[in-house]
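# sharing a model prediction with you, sequence too.
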Amino acid sequence: MLRKFKITIDGKEYLVETEEIDAAGQSITTAPVAAAVPPVTTEAASAAASVETPTTPAPAPAATGDTTNALLAPMPGTVIKLLVKPGDTVTENQPLLVLEAMKMENEVVAAHAGTVGQIFVDRNQTVNAGDPLIRID
């Protein structure tokens with residue numbers, strides 16, 4: 001699935017397109033991805049190097065159960081809302097949960113239609129990128 005975002009950095013606006021991939025790293029969509037990102041200048045690189053990096057969140061407990069076909073966390077963050085429960089029927093691109101990362105709320109959506117089989121996370125739980133979130137059967 002191709003998504004477009006408008007990002008403002010230091011007063012300059014950039015249009016960025018992202019492409020969703022599956023667990024095997026294969027593109028889910030066939031549309032090409034192009035990102036309008038300026039080249040990093042020496043000044044920008046030195047400014048970025050001087051910024052403190054945030055501390056890494058505590059790792060989430062290991063998921064128990066069958067994590068086959070589970071949606072994986074796209075980034076580290078904290079689960080702030082669960083929008084479904086086991087047994088719910090979901091459609092493709094339906095929001096399943098909200099993940100807060102770097103003070104931004106990011107909706108995690110269903111990759112395909114089905115039934116929620118298992119939820120591997122709880123509200124207010126910290127997750128790392130790649131951790132299983134929800135399995136859709």
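That came in fine, so what should we check first?
# helices along this protein, start to end?
Applying DSSP state H to the chain gives helices spanning 42-50.
# tell me the domain boundaries of it?
2-50, 70-136 (automatic domain parsing).
# got a list of what Arg135 touches?
The contact partners of Arg135, taken as CB atoms under 8 Å, 6 or more residues apart in numbering, are 65-71, 116-120. (C-beta placed from N, C-alpha, C; glycine too.)
# how close does Arg3 get to Thr91?
17 Å (CB to CB, to the nearest Å).
# and Val121, by the same measure?
21 Å.
# neighbour-wise, which of the two wins?
More crowded of Val121 and Thr91, by other CB atoms under 10 Å: Val121, with 21 against 10.
# pretty sure the more buried one contacts Asn128?
No - Val121 lies out of contact with Asn128 (CB atoms under 8 Å); the separation is 11.2 Å.
# tell me where the protein has strands.
With strands called from DSSP state E, the chain shows them at 2-9, 12-19, 70-72, 77-82, 89-90, 95-101, 104-109, 114-119, 126-127, 132-136.
# bridged to Tyr14, which residues?
Beta-bridge partners for Tyr14, by DSSP bridges, are Ile7.
# before we move on, what about the one 5 residues further on?
Beta-bridge partners of Glu19, counted by DSSP bridges, are Leu2.
# likewise for Thr89?
Where Thr89 sits in a bridge, its partners, by DSSP bridges, are Thr115.
# before we move on, what about the one 10 residues further on?
Counting by DSSP bridges, Leu99 forms beta bridges with Val79, Asn106.
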